[in-house]
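Asker: build me a model:
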Amino acid sequence: SHPRTRPPYLEAEAVSRLLRIAQAADAPVVIVHLTNREALLEVDHARKRGQTVYVETCPQYLLLDESVYFNADYSAAARYVCAPPLRDKAEQEYLWKGLRRGAIQTVSTDHCSFTLAQKDMGREDFTKIPGGLPGVETRGELMYSYGVARRKISAAQMCRVLSENPARLYGLYPRKGVLRPGSDADIVVYDPGASHVIRAEDCVANVDYNPYEGFVTAGGIRQVWLRGRLSVEDGKVLAEAPAGKYMARGKNSL
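Answerer: This next block holds a predicted model:
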């Protein structure tokens, strides 16, 4: 009943109502977790009226669909409860087109890392199912694998929606969101040849399932640098290693 009680047209109505209130207040708006074509059309109408509207969607709405809710296994279905719910598969293409034409500015995750035991709290009362999905760890790899590698968006567009646009929206640009002298050296090194299967057991997040279990990536993240320090390499967090070791290894590897 999760998707049936929260249909796409009600999301569109809520977006429309919010945008009309914002119009009256002459206020810019950021809409998060947008999931479908009808809601995006309301944003298009508002922009044509001259309103400033920014839109975020999430990997689950680009890659998963509402069929998961009809699994007879309670746990297999409850783990996907989030708000808004996952939509019909046909909506995914509208979201990818929205990213491609710049109508959607960011792709984010709330990373609600509830365990299966916590999701199980709603077995006898669905209102007690904690909402949200884990996803921040796999977001970049999924966007590259199912967006860039499949030519739904360009690599530059991926970088904009994952990094540059959020930095601009939240006042962090150019310290964040760009590779240039004077900016923080926050860098992801992506290896297109490091393809692998996503498995919860291989992730570092403190959660016992992954909504994208079994997805095959096109490449993988080789390194993550934070302010010039090597912090992740080949899937391993190096946060406790000495700073000098970071720099020596980073310099040699580059």
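Asker: any weak-confidence spans in the stretch 51-200 of the chain?
Answerer: The model of the stretch 51-200 of the chain has no residue with pLDDT under 70.
Asker: where do the helices sit along it?
Answerer: 59-63, 74-78, 90-100, 116-119, 139-143, 155-159, 165-169 (DSSP state H, counting those that start in this stretch).
Asker: distance from the chain centre to the longest one, please.
Answerer: Right, helix 90-100. 14 Å (Cα atoms, centre = their mean, to the nearest Å).
Asker: who does it touch, helix- and strand-wise?
Answerer: For helix 90-100, the packing partners by 3 or more Cβ pairs under 8 Å, 6 or more residues apart in numbering; DSSP states H and E come out as helix 37-48, strand 53-57, helix 59-63. C-betas here are computed from N, CA, C, even on glycine.
Asker: sorry, back to before: in TSV, list the helices of the stretch 51-200 of the chain along with distance to residue 237.
Answerer: Compiled in TSV, the helices of the stretch 51-200 of the chain are given as follows (distance: least, Cβ to Cβ, whole Å):
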stretch	distance to residue 237
helix 59-63	21
helix 74-78	28
helix 90-100	29
helix 116-119	23
helix 139-143	15
helix 155-159	23
helix 165-169	22
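Asker: ok, which of these comes nearest residue 13?
Answerer: For the helices of the stretch 51-200 of the chain, the distance to residue 13 is smallest for helix 90-100, at 16.2 Å, taking Cβ to Cβ.
Asker: residues of the closest one that come out buried?
Answerer: 91, 92, 94, 95, 96, 98, 99 (16 or more other Cβ atoms under 10 Å).
Asker: isn't the last one right up against residue 147?
Answerer: Yes - here residue 99 reaches residue 147: they are 7.4 Å apart, a contact under Cβ atoms under 8 Å.
Asker: got any residues that touch both of the two?
Answerer: 153, 157 (Cβ atoms under 8 Å, 6 or more residues apart in numbering).
Asker: the helices of the stretch 51-200 of the chain: which one's closest to residue 15?
Answerer: helix 90-100 (13.2 Å).
Asker: just the residues contacting that closest one, thanks.
Answerer: 8, 34-37, 40, 55, 57, 61-63, 65, 103-104, 107, 147, 152-153, 157, 161.
Asker: that one relative to strand 53-57, how many degrees between them?
Answerer: Using axes from the mean of the first three to the mean of the last three Cα atoms, to 10 degrees, the direction of helix 90-100 lies 130 degrees away from that of strand 53-57.
Asker: can you give me the angle helix 90-100 makes with helix 37-48?
Answerer: 30 degrees.
Asker: coming back round to it: need the buried residues of helix 90-100 in CSV with distance to residue 126, can you?
Answerer: Shown next, in CSV, are those (distance: Cβ to Cβ, whole Å):
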residue, distance to residue 126
91, 23
92, 25
94, 28
95, 26
96, 31
98, 31
99, 32
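Asker: just to revisit the earlier point, out of the helices of the stretch 51-200 of the chain, nearest to residue 84?
Answerer: Residue 84 lies closest, by Cβ to Cβ, to one member of those: helix 59-63, at 8.1 Å.
Asker: enumerate every residue touching the nearest residue to residue 31 once chain neighbours are set aside.
Answerer: Among residues not flanking residue 31 along the chain, residue 55 sits closest, at 5.2 Å (Cβ to Cβ, 6 or more residues apart in numbering). With contact taken as Cβ under 8 Å, 6+ apart, residue 55 is in contact with 30, 31, 34, 40, 43, 98, 103, 104, 105, 106.
Asker: thanks a lot, see you next time.
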